[in-house]
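# model this:
(2 chains)
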Protein chains: 2
Amino acid sequence: MTDLNAVLDTATKDFDNSLERLFRLVRIPSISTDPAHAEDCAKAAQAIVDDLRALGFEAEARKTPGRPMVVAHYTPKGAARNMPHFLFYGHYDVQPADPLNLWKTAPFEPTVRTDKAGIARMYGRGTADDKGQLMTFVEAARAWITTTGSLPIKATFLIEGEEESGSPSLVPFLKANRKELSCDAAFVCDTNMWDAKTPAITTRLRGLVHEEITITGPSIDLHSGMYGGPAMNPIRVLSKVIAALHDKNGKVTIPGFYDGVADLPKATKKQWQSLKFSDAKFLKEVGLKEPAGEKGKSVLEQIWARPTAEVNGIWGGYTGVGTKTVLPSEAHAKLTFRLVGRQDPEKVLKAFQAFVKGLIPRDCKVTFSGRGGGSPATEIPEDNPVIAKSAKALKDEFRRDAVLMGSGGSIPICRFFKDILGMDAILVGFGLNDDAIHSPNEKYNLESYRRGIRSWVRIMGEFGA
Amino acid sequence: MTDLNAVLDTATKDFDNSLERLFRLVRIPSISTDPAHAEDCAKAAQAIVDDLRALGFEAEARKTPGRPMVVAHYTPKGAARNMPHFLFYGHYDVQPADPLNLWKTAPFEPTVRTDKAGIARMYGRGTADDKGQLMTFVEAARAWITTTGSLPIKATFLIEGEEESGSPSLVPFLKANRKELSCDAAFVCDTNMWDAKTPAITTRLRGLVHEEITITGPSIDLHSGMYGGPAMNPIRVLSKVIAALHDKNGKVTIPGFYDGVADLPKATKKQWQSLKFSDAKFLKEVGLKEPAGEKGKSVLEQIWARPTAEVNGIWGGYTGVGTKTVLPSEAHAKLTFRLVGRQDPEKVLKAFQAFVKGLIPRDCKVTFSGRGGGSPATEIPEDNPVIAKSAKALKDEFRRDAVLMGSGGSIPICRFFKDILGMDAILVGFGLNDDAIHSPNEKYNLESYRRGIRSWVRIMGEFGA
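Here you go, the predicted structure:
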């Protein structure tokens, strides 16, 4: 039996214990956004530290202005100086659990339920996001160490406790510990598989710019009988601005908006087509029929490889029950822009502001929240050899090619790792689209956890001597 | 001394008592919208009934499903069958007084204050709207009766108690008492003068149509990272609809919207120009610089003689603090249309709905509140001889021509008098734009009250034998 097979065997045999160790962590309500749970966060961090120390890691819960940061190192005895060294990133903090009344079982009392088709799922806040996922690292390391006495690579674990509240301490921490945390690459386990049977590596993440605008017309709310006609209505102006953002083909009209957006390489396009993704099914699930983005682009391309301008909220005037003949002084909108390729967040924001100003009539003024800002898109070069080796390991486990996929969302940590620590982030995760993260009845399939652990065993092995 | 001069003399000499009688009425907090004040409303109605009975009217407080309706008739002894007969309409109910903390003196303890320029004003809820105004009728009648023993005309007083809560009992009451209440014309005292020195008769009132629309895109709120691009955003669609309502010249674009809107007659245009109304001053008071309605039309024309489409409220998606990357399922707007001339409210509503439907993409649907509806504009024919005689009486009192003016708002009672009782409503009022009706520190100038009483003495006299 090779080392790898022995380690996989251990992982499989020890799975019930792996599950119980995860449940112990899930039972700690480490909600980072709620100060009342600060102690629970510290408790969760310490539980991970204790566990990793027992495995032979040099582990510490480091203080930050917010929740503690778990940093743990493992250097195999007699490791060569050039032995591959990876950082493994996850987060032990979780979302708040409310509304509590919608949970079928208590959020911090993890429970396994098996459906009629025989699929077993564990339910509880954090089972998927991200305690279940981060524990796939820990359990893979445990399997290696208990079976062979060591890891086959050098490893640094970085497990933060503020991911669900915007990671305020992360950037300063990375900057302050640049040398200690710089590795060959970072593995991040906080994403999904392509589907329950097909593994995936996420290589594209859209960037994000957000802005809030207020358009002011008259200095006070007016009576629409007395002023309707001569007084400029700011809702009308705001609507013109929003209506002007897209042309009839769904393209964003802001001058310069597409600077840095490249056409999809033919090979990538072909690969995505081969996924047999059903646009119709994806849209039907949310009551829609046809892609609303740029004409001629598939849903996957629209989400993974095209930028957007979206209005997330709009308000102005009277919004209560019945009629009020008010002509309001102000109208507001919140917008976000998803970025791809080399779009520059700062330039996009400025271009948007200039675009809006150009549409404001003399009798209105526009103010921007001043909290606008954002992060650029991330594209992990698909020729990074870590991707190829990880994909091979995933294929060995799942007997299916790993999909190199995109994500319409944004994971800022990838940029931070690249910009501050100079390494690519390789996103391998075992979540599924129906995990209900951030919602009541969050779950993680037992199979996600089992194969997640085994996948990391294989990936670690892939880089071993 | 002629009868008229003797009566005017009485009115002037008795003014302090007139003021005290008005104050007695103001002290009754007859707020119609608040059931806790139902008894106060009944008390106010009875006070007016008692006062009119003492003058020789046949007066009653008639029951309605809501607040009582005061109906009082006066027929001079030996009156000819064709003696002019007018209805005088006012309302004894008042707006709620809150926010109480903004009142300088208690709202139901009327107080007179004189400013440095020597202008005396009475403060209190209802001093202007409408107790002060309706008492100008009563005091004019008193002056006639106490001086000459009779009125020079037949008079019916209709004083309602639900004007500030939408007059729900009025239409059924008019219908049920059609014969009793039909006169040669109705005088309504609930409007303003042109300015403190210039009397006015309001001859144009805009109609009103209101509607609320909801545009639905995806069946649930979506994450703008996961769906931004392919999923249709209903805020975008709503904005297109609102942006399409006006062309670049401020004209409403709904097909058929202007059916029934006539150009302003040259004579009227000339008359309005002669008013020397300052568009700039009017707009500057509310922080604006240029008329936003149809290009080439003055402010007065835009308010008095042109229809509008206004958005009174808009909302959708996330409107709280900070950012939420939601792509909402629904977006909403409340709209009102002010109508002029012979625009048909029902047709305007239908045309608007068809216009909206034509702009809704396949993946959205629109629903209308079903509460849409409204009333047409009112134009009192300026050749009605009652207007000419009233204008003459006002000129005799004020030594200035009465302005025949419009109002951008709507006073549904005018339509009801015309449609149910077959008579025109002649709107003569003595309020001023700064009376703060519906607001804290409502006031009525003593001069408004004094000259109001004297004006009605003259108008009644104008129609006497």
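# quick one: contacts for the residue nearest in space to the middle of chain A?
Nearest residue to the geometric centre of chain A (Cα atoms, centre = their mean): A:I411, 4.4 Å. Neighbour list for A:I411: A:V188, A:D190, A:T191, A:L205, A:T378, A:A425, A:L427 [criterion: Cβ atoms under 8 Å, 6 or more residues apart in numbering or on different chains]. All C-beta spots, glycine's among them, are computed from the backbone N, C-alpha and C.
# Which pLDDT value does the model give it?
We have a pLDDT of 84 for A:I411.
# near chain B, which residues of the stretch 351-465 of chain A show up?
By Cβ under 8 Å from any Cβ of the partner chain, the residues of the stretch 351-465 of chain A that approach chain B are A:P361, A:R362, A:D363, A:S407, A:G408, A:G409, A:S410.
# what about the stretch 351-465 of chain A, any weak spots by pLDDT?
Within the stretch 351-465 of chain A, the ranges that satisfy pLDDT under 70 run A:372-373, A:465.
# if you set the cut-off to 80 instead, what comes out?
Where the stretch 351-465 of chain A drops to pLDDT under 80, the residues are A:370-373, A:465.
# again, but for chain A
In chain A (pLDDT under 80), the answer is A:1-2, A:370-373, A:465.
# Residue of the stretch 301-450 of chain A nearest chain B, please.
A:G409 (3.0 Å; Cβ to the nearest Cβ).
# Show me chain A divided up by domain.
Domain segmentation of chain A under automatic domain parsing yields A:3-205+A:379-462, A:207-261+A:307-375.
# Among the ones you listed, which comes closest to B:S274?
domain A:207-261+A:307-375 (19.4 Å; Cβ to Cβ).
# Up against chain B, what does the stretch 51-200 of chain A have?
Counting by Cβ under 8 Å from any Cβ, no residue of the stretch 51-200 of chain A sits close to chain B.
# can you map out the helices along the stretch 51-200 of chain A?
Under the criterion DSSP state H, counting those that start in this stretch, helices of the stretch 51-200 of chain A are mapped to A:131-148, A:170-176, A:178-181.
# okay, those in JSON lines with mean neighbour count next?
Converted to JSON lines, these look like this (neighbours: other Cβ atoms under 10 Å in any protein chain shown):
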{"stretch": "helix A:131-148", "mean neighbour count": "25"}
{"stretch": "helix A:170-176", "mean neighbour count": "17"}
{"stretch": "helix A:178-181", "mean neighbour count": "13"}
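# do you know which of the ones you listed lies nearest B:A176?
helix A:131-148 (73.2 Å).
# So which elements touch the closest one?
Counting contacts by 3 or more Cβ pairs under 8 Å, 6 or more residues apart in numbering or on different chains; DSSP states H and E, helix A:131-148 packs against helix A:3-13, helix A:15-26, helix A:38-54, strand A:85-91, strand A:154-160, helix A:446-462.
# Take those and write them to JSON lines, including mean neighbour count.
Converted to JSON lines, these look like this (neighbours: other Cβ under 10 Å):
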{"stretch": "helix A:3-13", "mean neighbour count": "17"}
{"stretch": "helix A:15-26", "mean neighbour count": "18"}
{"stretch": "helix A:38-54", "mean neighbour count": "19"}
{"stretch": "strand A:85-91", "mean neighbour count": "25"}
{"stretch": "strand A:154-160", "mean neighbour count": "24"}
{"stretch": "helix A:446-462", "mean neighbour count": "23"}
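# the helices in the stretch 201-350 of chain A, which residues?
So, for the stretch 201-350 of chain A - with DSSP H, counting those that start in this stretch - the helices run A:224-227, A:234-243, A:266-273, A:279-284, A:299-304, A:345-357.
# Deepest-packed of those, please.
helix A:234-243 (a mean of 25; mean count of other Cβ atoms under 10 Å in any protein chain shown).
# Counting by contacts, list what that helix packs against.
Right, helix A:234-243 is packed against strand A:207-216, strand A:308-317, strand A:330-339, helix B:234-243, strand B:308-317 by 3+ Cβ pairs under 8 Å, 6+ apart.
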